[in-house]
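Peer 1: I would like the atomic coordinates for the input below:
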Amino acid sequence: MYIKRNIESVLKQRAKNSRCILVTGARQVGKSTLLKTLYPNVRYVTFDDKLLLNSAIEDPKLFLKNLPKPSIIDEVQYASEIFPYLKIECDRQGMYENYYLTGSQQMRLMSKVQESLAGRVSILELQNLSLRELNGIDFNCHFVPTEEYISERERHLKPYDHLWQIIHRGLYPEMHVTKRDWQDFYSSYVRTYLERDIKEEIEIKDSLAFTRFLSAVAARTAQMLNYASIAQEVGVTQATIKNWVSVLERTGVIFILQPYYSSHLTRAIKTPKLYFRDTGLACYLSKWNNAEALEQSAVAGNMFETFVISEILKSFSNEGTDYTFHVFYYRGKDKKRIKENGESVEEESEIDLIIEENGTLYPIEIKKSASPNKAMASAFEVLDKDIDKKRGMGAIVCLYDNKLYLADDLIVLPIEYI
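Peer 2: As a prediction, the model looks like this:
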């Protein structure tokens, strides 16, 4: 069984105008399955095969000479020696669609690609299944709460049933095309990840400490990144934690959301936030063994926020758009007054997500609640201080059943609108 991926049309269009295509993404998100499905008659080789890998490392020129064009080369990062020769082959005869490459370690790959294949390669990021893909929704525009987007998205709405089961199960394709046991899949995933990807990046002398680190980070998804706190819990130095966090980011396990600040927002906090790319993996590592317990837990809000952020990022990457310079969050020491248990208290201003597009800032609040109100978006006004940008429509993404305007510039959107 194959679930159609929204990135397919983008990939095929890019391939027609590129010397080669590179599809990046974490392990098990479906990169090789995607390419083999789109190009069933194209030769496929994988560097998971040690014999082929040794051949490519020892004589990369001869390896490529024996490979027909086009070909699919899977896990290309393991044989970085072939990149200069890929450049030579891509420059022959002005041919397009020479090679379809995949790689699990995006940041590590980028330096090699920029060095050897600049101007010759089109790069796409494939993430886990999206809710759109899981529900067969043929709509492929990135999420932004404009009137135009909302109007177009409404033409493709379907109810997202069993949401907490999906959040808990995660969205790795294998979990939805087979009846694979949840515990078995994630224990195998973590073991493979430790044995393959981590060993490629760093030498870990204490694998138990690294496993504790994975659990500590999973428990902090949707929180500000505090190296000292994680180091204290794991029992290693802050320098080690910084190194390990960068490895998780490079291998596509986590996403670091950068803070938004400008010269006009003088009280902004410049600490980034950390999000797991997949909530199923985060649940496994933080020991939430069933969806019912997760939904009622104290971490449900953070896990819901993680899930929504991930879905929004997928809407960008599946469209072929780089989200790196489009998404931020805000937290500042501009105090706001709220009612808590009938009393007025002060708290720091925070905006879960800001999407910046065409000089406009779109603030997003993400709530597990099914009872949204205007107070949830009170921090949005902070953005009015940034006189170089204008504030666009704000949105509260939550579990409310219907679209609802709370003000001219504030709308409640059910998660189905992502």
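
Peer 1: ok, Ala56 - contacts?
Peer 2: In this structure, Ala56 makes contact with Phe47, Phe63, Ala79, Glu81, Ile82, judged by Cβ atoms under 8 Å, 6 or more residues apart in numbering. All C-beta spots, glycine's among them, are computed from the backbone N, C-alpha and C.

Peer 1: do the same with Ser104
Peer 2: Applying Cβ under 8 Å, 6+ apart to Ser104 gives the contacts Thr24, Gly25, Ala26, Arg27, Lys31, Glu75, Gln77, Asp197, Thr251, Gly252.

Peer 1: if you set the cut-off to 6 Å instead, what comes out?
Peer 2: By Cβ atoms under 6 Å, 6 or more residues apart in numbering, the contact set of Ser104 is Arg27.

Peer 1: from Gly30, how far off is it?
Peer 2: Distance of Ser104 to Gly30, given as Cβ to Cβ, to the nearest Å: 12 Å.

Peer 1: residues making contact with the helix or strand hosting Val190?
Peer 2: Using DSSP states H and E, the element containing Val190 is helix 182-193. Helix 182-193 has contacts (Cβ under 6 Å, 6+ apart) with Tyr284.

Peer 1: just to revisit the earlier point, by neighbour count, which of the contacts of Ala56 wins?
Peer 2: Counting neighbours by other Cβ atoms under 10 Å, Ile82 comes out on top of the contacts of Ala56 with 25 neighbours.

Peer 1: pull the CA atoms of the helix holding Val190 into PDB?
Peer 2: Only the C-alpha atoms of helix 182-193 are listed here, as PDB (Å, rounded to 0.1, in the frame of the first residue of the first chain):
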ATOM      1  CA  TRP A 182       3.700   0.800  18.000                       C
ATOM      2  CA  GLN A 183       6.200  -0.300  20.700                       C
ATOM      3  CA  ASP A 184       8.000  -2.600  18.200                       C
ATOM      4  CA  PHE A 185       8.300   0.100  15.500                       C
ATOM      5  CA  TYR A 186       9.700   2.900  17.800                       C
ATOM      6  CA  SER A 187      12.100   0.600  19.700                       C
ATOM      7  CA  SER A 188      13.500  -0.600  16.400                       C
ATOM      8  CA  TYR A 189      13.600   3.000  15.100                       C
ATOM      9  CA  VAL A 190      15.600   4.300  18.100                       C
ATOM     10  CA  ARG A 191      18.000   1.300  18.000                       C
ATOM     11  CA  THR A 192      18.600   1.700  14.200                       C
ATOM     12  CA  TYR A 193      19.000   5.500  14.700                       C
END
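
Peer 1: return the set of buried residues in it.
Peer 2: Buried positions in helix 182-193, judged by neighbour count with 16 or more other Cβ atoms under 10 Å: Trp182, Phe185, Tyr186, Tyr189, Val190, Tyr193.

Peer 1: likewise stretch 391-404?
Peer 2: Result for stretch 391-404 [16+ other Cβ under 10 Å]: buried residues Arg391, Gly392, Met393, Gly394, Ala395, Ile396, Val397, Cys398, Tyr400, Lys403.

Peer 1: and for stretch 34-51?
Peer 2: Taking 16+ other Cβ under 10 Å as the criterion, stretch 34-51 shows Leu34, Leu35, Tyr39, Val42, Val45, Phe47 as buried.

Peer 1: return the member of the buried residues of stretch 391-404 nearest to Tyr99.
Peer 2: Taking Cβ to Cβ as the measure, Tyr99 lies nearest Val397 of these, at 39.3 Å.

Peer 1: wait, what's in contact with Ile355?
Peer 2: So Ile355 contacts Val144, His326, Val327, Tyr362 (Cβ under 6 Å, 6+ apart).

Peer 1: could you dump the top helix by length along the chain to PDB, C-alpha only?
Peer 2: The longest helix of the chain (DSSP state H) is helix 300-317. What follows is helix 300-317, C-alpha atoms only, in PDB (Å, rounded to 0.1, in the frame of the first residue of the first chain):
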ATOM      1  CA  ALA A 300      -1.100  17.200  26.200                       C
ATOM      2  CA  GLY A 301      -1.000  20.900  25.300                       C
ATOM      3  CA  ASN A 302       2.700  20.700  24.400                       C
ATOM      4  CA  MET A 303       2.200  17.500  22.300                       C
ATOM      5  CA  PHE A 304      -0.800  19.100  20.500                       C
ATOM      6  CA  GLU A 305       1.300  22.200  19.800                       C
ATOM      7  CA  THR A 306       4.200  20.000  18.500                       C
ATOM      8  CA  PHE A 307       1.800  18.200  16.200                       C
ATOM      9  CA  VAL A 308       0.300  21.500  14.800                       C
ATOM     10  CA  ILE A 309       3.700  23.000  14.200                       C
ATOM     11  CA  SER A 310       4.900  19.900  12.400                       C
ATOM     12  CA  GLU A 311       1.800  19.900  10.200                       C
ATOM     13  CA  ILE A 312       2.400  23.600   9.300                       C
ATOM     14  CA  LEU A 313       6.000  22.900   8.400                       C
ATOM     15  CA  LYS A 314       4.900  20.000   6.200                       C
ATOM     16  CA  SER A 315       2.500  22.300   4.300                       C
ATOM     17  CA  PHE A 316       5.600  24.400   3.300                       C
ATOM     18  CA  SER A 317       8.000  21.600   2.400                       C
END
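
Peer 1: name the residues that touch that helix?
Peer 2: Contacts for helix 300-317 (Cβ under 6 Å, 6+ apart): 125, 127, 130-131, 142-143, 167, 221-222, 275-276, 279, 323, 366, 368, 397, 418.

Peer 1: local confidence estimate at Arg92?
Peer 2: Note on Arg92: pLDDT of 78.

Peer 1: and it, how far from Asn98?
Peer 2: Taken as Cβ to Cβ, the span from Arg92 to Asn98 is 8 Å.

Peer 1: neighbour count winner among those two?
Peer 2: Asn98 (24 against 10).

Peer 1: residue contacts, the more buried one?
Peer 2: Asn98 neighbours (Cβ under 6 Å, 6+ apart): Arg19, Cys20, Lys69, Pro70, Cys90.

Peer 1: one more time with 10 Å, if that's ok
Peer 2: 15, 18-21, 64, 67, 69-71, 86, 89-92, 120-121 (Cβ atoms under 10 Å, 6 or more residues apart in numbering).

Peer 1: kindly report the same for Leu281.
Peer 2: 26, 28, 128, 170-172, 185-186, 189-190, 193, 214, 218, 221, 253-254.
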